[in-house]
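Engineer: For reference, the sequence and a predicted model appear below.
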Amino acid sequence: MTKKIEAIIREEKLNDVKDALQRIGIVGMNVTECRGHGRQGGIELMGRSGAYKVDLLPRVQINIVLSDHNVEKAIETICQAAQTGNVGDGLIFVYPVDDVVRIRTGERGRAALMYPGDIDERRAASGV
Amino acid sequence: MEGINAGDTAWVLISTALVMMMTPALAFFYGGMVHKKNVLSTLNLSFILMALISIQWVLVGFSLAFGKSMAGLIGGLNLAGLAGVGSEPNADYAATIPFLLFAAYQMMFAVITPALITGTFVERVRFKAFLIFSLLWATLVYDPVAHWVWGVGGILRGLGALDFAGGTVVHITAGFSALAFASVIRPRRGFGNGHMEPHNIPYSVLGAGLLWVGWFGFNGGSALAANGLAVTALVNTNTAAAAAAATWMFLSWRDNRPSVLGIITGAVVGLVAITPAAGFVTPLAALIIGAVAAPISYYAIKFRQRRRLDESLDVWACHGMGGLWGALATGLFATKAVNAAGADGLFYGNPGQFLVQLLAAATTVVFAFVMTLVIANALKRTVGLSVTETEEQVGLDIAEHGERAYA
């Protein structure tokens, strides 16, 4: 089975999360900039004189498609790297994915997700 | 007004405005090279100095630099508050323009010099520490060195050191102070891991372009008259910038591809290098000075990167090394055929001038470096130089100013 992880995180944590995922062998991802708020509500910014409220804050959404058995490891890694402990650290959503097609080769399913040196290849190499 | 020349006065007025424009231009040159979360902070480091140093200059700065010399080391306070500095010319400095205009023109140099150093503060400096540093630095480093080199009775002027528009006073002091400061402040979080992409190179191109324009006032205006010498300085300035930009393009191309950020940096380095020489050399010498400046700064940046020093926007490599080369090159290429009030350099049979240039440059390097170490360390132990890691991650625009650049 294949899953999609959508992680909405703080803008400033993107590099930390990206690096942490790369370290465990999750190479492929795409990222979109978005705005939003949850419980945090918003922040006050300074104007020419006095403050004003901004309630949609910049966030980054990371999209990763990966095999079932790698989901927990990825979630754990993202949480660790993206956490500040303050309100507004973000959310992770996990969805089922029907199929994956690599456009260049026409490969389908898990084959379309494999990269040289990725998390599965590393696991196989270490014999776990 | 007796002795005032309208043409000279008009040109120095315009030059004052041109040099004033260089500080916001520098702000954009630097602002483009940082993360977007720090662009307002970076722009502001330059902009606020237009306020801070203008006040310092009127109150004491001008007097410390150009007041009655005390043992050649610093000016007295006889001109503090610009007392007695008015429409009458002062023949010691510029016989055909109001002395007050000379003070205003010099004020713009005093403003941009600490602004140059801000390239090494970016993305992590605590704003309060920066303000105190800049005020102390202007008073304890810039004003004395300006006095040594340009003030009547100044020790380096007395030796016969040539610095047409501030290669030593402006660029060596700023460049080597930046190097000293970078060795005291902690590096940016994640420095060296490849997450340092400039956020808006077009800003930097705009800034560099306006710096080039402004430099016509910086160097051309340093003739302090609308005359042939001003034209010489302007043509030399343009020629050196062109030579350095083109040379940098080839250096970058040889390593990979001709980088736009590299080409504009080359132009700035050429402008730096010709600054001390602009009114003393021929256009062909300017061509060589610019062409040689480019590899010096280019490889100085690579050296700085290998040493893993977070001198963030390469103020030392560009201004320190460019200015040092310019000061020495003045001792090589200067000729009385261009400026009778100058001197002949080594290539015109006067090796002594080269030694004088070397001595003046070395003195300034050591003084600026040591003084900055002292000021920066004192501030590090009291108010602290840098923001917290969390503030740095969020970005200085929000953390220090409560604003964001782009809604």
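Structural biologist: That came through fine.
Engineer: When you work out contacts or count neighbours from here on, use the C-alpha atoms and nothing else.
Structural biologist: Fine.
Engineer: Residue numbers of chain A in contact with chain B?
Structural biologist: Neighbours of chain B within chain A, by C-alpha under 8 Å from any C-alpha of the partner chain: A:12-13, A:15, A:44-47.
Engineer: Quick check: A:E11 touching A:V60?
Structural biologist: Yes. Counting by C-alpha atoms under 8 Å, A:E11 sits close enough to A:V60 to count as a contact (5.3 Å).
Engineer: B:V365: which element?
Structural biologist: Following DSSP states H and E, one finds B:V365 within helix B:351-381.
Engineer: average model confidence for the next helix or strand after that helix?
Structural biologist: Following helix B:351-381 in sequence order, the next helix or strand is helix B:389-394 (DSSP H and E). In this model, helix B:389-394 has an average pLDDT of 91.
Engineer: List the buried residues in helix B:389-394.
Structural biologist: Of the residues in helix B:389-394, those with enough neighbours to count as buried (16 or more other C-alpha atoms under 10 Å in any protein chain shown) are B:391-394.
Engineer: Just want the residue of the stretch 101-250 of chain B that's nearest chain A.
Structural biologist: With C-alpha to the nearest C-alpha as the measure, the residue in the stretch 101-250 of chain B that lies nearest chain A is B:H195; the distance is 7.4 Å.
Engineer: count of residues packed around the residue nearest to that residue when sequence neighbours are not counted?
Structural biologist: Closest residue to B:H195 in three dimensions, ignoring its sequence neighbours and counting by C-alpha to C-alpha, 6 or more residues apart in numbering or on different chains: A:N15, at 7.4 Å. Burial of A:N15, expressed as a neighbour count using other C-alpha atoms under 10 Å in any protein chain shown, amounts to 16.
Engineer: Tell me which residues are up against stretch B:196-209.
Structural biologist: Counting by C-alpha atoms under 8 Å, 6 or more residues apart in numbering or on different chains, stretch B:196-209 makes contact with B:24-36, B:260-261, B:264-265, B:267-268, all of which sit outside it.
Engineer: Report the buried members of the residues you listed.
Structural biologist: Neighbour-count burial (16+ other C-alpha under 10 Å) applied to those gives B:24-36, B:260-261, B:264-265, B:267-268.
Engineer: and the contacts of stretch B:196-209 near chain A, which?
Structural biologist: Applying C-alpha under 8 Å from any C-alpha, the subset of the contacts of stretch B:196-209 adjacent to chain A is empty.
Engineer: SS state for A:L66?
Structural biologist: Reduced to three states with DSSP: H, G, I helix; E, B strand; the rest coil, the structure at A:L66 is strand.
Engineer: what bridges to it?
Structural biologist: According to DSSP bridges, A:K3 are recorded as the beta-bridge partners of A:L66.
Engineer: in chain A, what residue sits furthest out from the centroid?
Structural biologist: Relative to the average C-alpha location in chain A, and by C-alpha atoms, centre = their mean, no residue lies farther out than A:S49, which sits at 38.1 Å.
Engineer: So that residue lies in a strand, does it not?
Structural biologist: No. Looking at A:S49 with three-state DSSP, it is coil, so not inside a strand.
Engineer: give me every residue that touches it.
Structural biologist: Contacts for A:S49 were tallied using C-alpha under 8 Å, 6+ apart; there are none.
Engineer: remind me which residues of chain A are low pLDDT?
Structural biologist: Filtered on pLDDT under 70, chain A yields the residue ranges A:40, A:128.
Engineer: Run through the helices of it in chain order.
Structural biologist: Residue ranges of the helices in chain A, as given by DSSP state H, are A:14-23, A:71-82, A:119-126.
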